[in-house]
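[1] Make a model of this:
(2 chains)
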Number of protein chains: 2
Amino acid sequence: GGRFLRGLVSFGYAGKLYPVNPQESQILGLKTYSRVGDIPGPVDFATITVPARAVPEIVEECLTKGIKAVQILTAGFKEISEEGRKLEEQLTRTAAKGIRIIGPNCFGVYCPGGGLTILPGEDFPRESGTLALLCQSGGFANRVTRRASSLGVRFSKVISYGNACDVNECDLVEYLGEDPETRIITAYLEGVKDGRRFFKLLQRISQTKPVIIYKGGLTRSGARAVHSHTGSLGGEAAVWEAVFKQTAAIGVNNIDELLDAILAFHHLPSHRGRRVAVVGGGGGVSAAAADTCEKMGLSLPLFPAELQKKLLAMIPPVGSSARNPVDVGNPSPPPPMLRRVLEAVLTEGDIDTVIVDAVQMSVSISSMKNGDEQYGDVVRERARVPVDAKKKFGKPIVMVLPVEAMEADAAAVESEGARRHARDYYLGEGIPVFLTLERAARALVNLIGYYERRDAVASSGSNK
Amino acid sequence: GGRFLRGLVSFGYAGKLYPVNPQESQILGLKTYSRVGDIPGPVDFATITVPARAVPEIVEECLTKGIKAVQILTAGFKEISEEGRKLEEQLTRTAAKGIRIIGPNCFGVYCPGGGLTILPGEDFPRESGTLALLCQSGGFANRVTRRASSLGVRFSKVISYGNACDVNECDLVEYLGEDPETRIITAYLEGVKDGRRFFKLLQRISQTKPVIIYKGGLTRSGARAVHSHTGSLGGEAAVWEAVFKQTAAIGVNNIDELLDAILAFHHLPSHRGRRVAVVGGGGGVSAAAADTCEKMGLSLPLFPAELQKKLLAMIPPVGSSARNPVDVGNPSPPPPMLRRVLEAVLTEGDIDTVIVDAVQMSVSISSMKNGDEQYGDVVRERARVPVDAKKKFGKPIVMVLPVEAMEADAAAVESEGARRHARDYYLGEGIPVFLTLERAARALVNLIGYYERRDAVASSGSNK
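    Next up, the predicted model:
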């Protein structure tokens, strides 16, 4: 309770806070109240952190006080024992009398617009964004919010809802579907209470907003783990496959894929074309690149002969390729050459997206040799090329910036810092960045597949 | 030529070097010779970097001089034109007269034992190891060698062999199969000249040494790219699938998977058991962990009731799980608790491997708060727990150390430095480290699958 309150104050909650604690008269300089009923005036929302056995009574007091909603952070309900299950049933009954409950066994709600944050989220961004995340697991909510925030993504609402004794994934998806602040909905689900309602909601809401779902508990061991985590039933993998086929919702398989999909949906326009061009700087990379994209479901059209001829006049005669992938023959191509290549590909390539891979776009200060100050300028000029091309042509450009310097020494760590600065530069310019080409290709396929399925679901619906 | 020579000198080649150059009398303080024939005394090996048209004549001169082998770095042969193809056929004919050729269109050989390194490899480690890498692509050889070296892996030989006008993948795999210095063979292949011979070699050699293959050019676009890269034919994906099924060779799909497999084979003992325990520190992580492992082909046996009871007495009563995965309820568990949990799992878990995931094993100095110097000691004590457990029980332990602090600011970059130090600590103790649980599971499956297929191939062979 104390930690939560401190976090909320440090996050900068602007409304009135009433600590309830029968032992203390003051907490963090705020007057405390012995009971909820003692608080003067109306209260909108309560956060409950008392031990599990005391929770049902407190929620009843909140109901009596006229509080509309509470979140219960306390764990130790149906996920651990029969006694806990009974306590939780009491909560569900109280909720039915006219109070909404988030939790128990959760980290609560992060809503920068309302000044609310979850338990370990006092350092989360204060600005609102358009991404919503709902998940049973508080740890997962914390992890994804932290990582996405560090990639420049901002949230409308993050709701960790734990055991879902009252408010559940259906209520939340329905609410977020109508929430004008939310443009993209993401979810980590361990169990779904009302499968039929959820399916219908996904079908309807994913017509207007992408719903990206990471479903846990799809295997035997996974189902066992979600049961002991939030007391949910996992569900069948085959059922979920069908859900993703029959709605436009997007299924992802791990946190990295979820974050990559978030970046793709956040930065790229809606589009359906699978034709990509890859522009990179090294032969082995280029052949592997073609395989990777095609295996993932993208297509790399062979460039028209005219364009190939034009490219061949720009790139080195040996150790290069002008077919698609374009191999500019060197991970550090001269910026004017890279610019001409990108512009030619964007003009005549007959493609929907350009992926730039294996081109050095960052350099740490200490890795520049003596007297090579100009090199930094060259790298910065090179890094600008995709940004300028995006502005000039308006076609989606995607960057792959791999971690190449993997050592633990100061120089390698500084290189990683430089790489992250380059990443942030591109993200700031609306260009999504991925760690590997494989991840870039998968994110693109998740994006494109969504719009394809959305069309298909819409037209099958209109045929009925 | 000049760059290559400088690299070799700076790498520390200990034998005699004879630059051949008709224009200069001295290069890097070494006396030059106008022609190969002018060099006094015998020569073992030549590196050729003259323009493509001049190469065949130089190779003839090397043959006349009695040189046993050459490597040709020059590109511009069959990969770019009909004229190049003819030049390359000349090389093949010269080779048949009694000189072995590596290349053309390659970066050459890195052999720390012999003091040789590839073109951009003057900073490669001087110490020899047990990993061999053969690949057509020089860029790929450079990339993989650099990344594997930074993970503490050392090489016996790395051979980039480009267009393979003479020495090809069959010769190299056969040689490495017999090379006493080499324990693990890895390859990036764009094309295979003699599929039947290669298959037989894989079948035989992978009985004694793991052969890990990343095959490029398996898709239509990929095949096109390898053709323009090294003039090879890509081959059918189905054919390669059959090769991996019928030999014990291991097929991987990208550089990351190759590097992960290298770490698994480098550090883990030969074993066949798919039963794993996952020990981690957060609920959502734990359910996802079970799914990930099971999807990948590992099994997470439910722990015996006795062990579960024992674990429940060690871990927090709520927000945890004792079933497998073990969720210790906190990413920063007290070291003595983590030690007891790991020891109990290793003693009574009836499992083959333990994966430790989502436990904080590193902390950067600046992220420790004032007066929290002791925290560093706690983290170091926690980090030692898996190392001690590995020593005590001898069972394979695998670590997952994800990149959590993703920002570009100094503190986050310092955290990444701390993470890499922790990674190097485990690698130094023979414990492989992976960036995600998914990658750890895939590496384990690649390892275990190898030993399973090796047994199967051996017994089907003895039945014939």
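[2] Quick one: the strands in the stretch 251-400 of chain A, in order.
    Here the stretch 251-400 of chain A has its strands, by DSSP state E, counting those that start in this stretch, at A:276-280, A:321-322, A:326-327, A:353-357, A:397-400.
[3] Any idea which of those has the lowest pLDDT on average?
    Set side by side, these show their lowest mean pLDDT on strand A:321-322, which sits at a mean of 86.
[4] And the next helix or strand past the lowest-mean-pLDDT helix or strand in chain A?
    When each helix and strand of chain A is scored by mean pLDDT, DSSP states H and E, helix A:220-230 comes last, with a mean of 65. Beyond helix A:220-230 on the C-terminal side, the first helix or strand identified by DSSP states H and E is helix A:237-246.
[5] Flag every buried residue along that following helix.
    Going by neighbour count (16 or more other CB atoms under 10 Å in any protein chain shown), the buried part of helix A:237-246 is A:A237, A:W240, A:V243, A:F244. C-betas here are computed from N, CA, C, even on glycine.
[6] Alpha carbons only: can I get that helix in PDB?
    What follows is helix A:237-246 as a C-alpha-only set of coordinates in PDB (Å, rounded to 0.1, in the frame of the first residue of the first chain):
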ATOM      1  CA  ALA A 237      -4.200 -23.900 -29.700                       C
ATOM      2  CA  ALA A 238      -6.400 -25.000 -32.600                       C
ATOM      3  CA  VAL A 239      -9.300 -22.900 -31.300                       C
ATOM      4  CA  TRP A 240      -7.100 -19.800 -31.200                       C
ATOM      5  CA  GLU A 241      -5.700 -20.500 -34.700                       C
ATOM      6  CA  ALA A 242      -9.300 -20.500 -35.900                       C
ATOM      7  CA  VAL A 243     -10.000 -17.200 -34.000                       C
ATOM      8  CA  PHE A 244      -7.100 -15.500 -35.700                       C
ATOM      9  CA  LYS A 245      -8.200 -16.800 -39.100                       C
ATOM     10  CA  GLN A 246     -11.800 -15.800 -38.700                       C
END
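[7] Average pLDDT for that helix, rounded please.
    For helix A:237-246, the per-residue pLDDT averages 86.
[8] Next: stretch A:252-269.
    For stretch A:252-269, the per-residue pLDDT averages 95.
[9] Next: stretch A:137-149.
    pLDDT averaged over stretch A:137-149 gives 91.
[10] Give me the contacts around that stretch.
    Residues outside stretch A:137-149 that contact it (CB atoms under 8 Å, 6 or more residues apart in numbering or on different chains): A:105-108, A:110, A:118-121, A:124-125, A:131, A:133, A:135, A:155, A:158-160, A:162, A:186, A:188, A:190, A:216, A:229-230, A:255, A:258-259, A:262, B:282-285, B:287-288, B:331, B:404, B:406.
[11] so what's A:R126 up against?
    Contacts of A:R126 (CB under 8 Å, 6+ apart): A:F11, A:G12, A:P112.
[12] Quick check: which ranges of chain A have low pLDDT?
    A:218-235, A:282-286, A:367-372, A:461-464 (pLDDT under 70).
[13] So what does A:C135 look like in phi/psi?
    phi -160, psi 150 (degrees, to the nearest 10).
[14] roughly how far apart are it and chain B?
    Note on A:C135: its distance to chain B, by CB to the nearest CB, to the nearest Å, is 7 Å.
[15] Write down the beta-bridge partners of the closest residue to that residue other than its chain neighbours, one by one.
    Of all residues not flanking A:C135 in the chain, A:Y188 sits nearest, at 3.6 Å (CB to CB, 6 or more residues apart in numbering or on different chains). Beta-bridge partners for A:Y188, by DSSP bridges, are A:C135, A:Y214.
[16] Make CSV from the strands of the stretch 251-400 of chain A and add distance to A:G376 to it.
    Formatted as CSV, those follow (distance: least, CB to CB, whole Å):
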stretch, distance to A:G376
strand A:276-280, 22
strand A:321-322, 29
strand A:326-327, 25
strand A:353-357, 20
strand A:397-400, 19
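[17] how about those, which one is nearest chain B?
    With CB to the nearest CB as the criterion, chain B lies closest to strand A:321-322 of the strands of the stretch 251-400 of chain A, at 4.1 Å.
[18] wouldn't A:I184 be in contact with A:I212 here?
    Yes - contact criterion CB atoms under 8 Å: A:I184 and A:I212 qualify, at 7.1 Å.
[19] what touches both of these two?
    Residues touching both A:I184 and A:I212 by CB under 8 Å, 6+ apart: A:I262, A:F265.
[20] Comparing those two, which residue is more hemmed in?
    When A:I184 and A:I212 are compared for neighbours, A:I212 comes out ahead with 25 against 21, by other CB atoms under 10 Å in any protein chain shown.
[21] Could I get the CA-only coordinates of the helix or strand where the more buried one lies as CSV?
    Taking DSSP H and E as the definition, A:I212 sits inside strand A:211-215. Output of strand A:211-215 as CSV, limited to C-alpha atoms (Å, rounded to 0.1, in the frame of the first residue of the first chain):
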residue,chain,number,x,y,z
VAL,A,211,-6.1,-6.2,-31.9
ILE,A,212,-2.8,-7.9,-31.3
ILE,A,213,-3.0,-10.9,-29.0
TYR,A,214,-0.2,-12.9,-27.3
LYS,A,215,-2.0,-15.9,-26.0
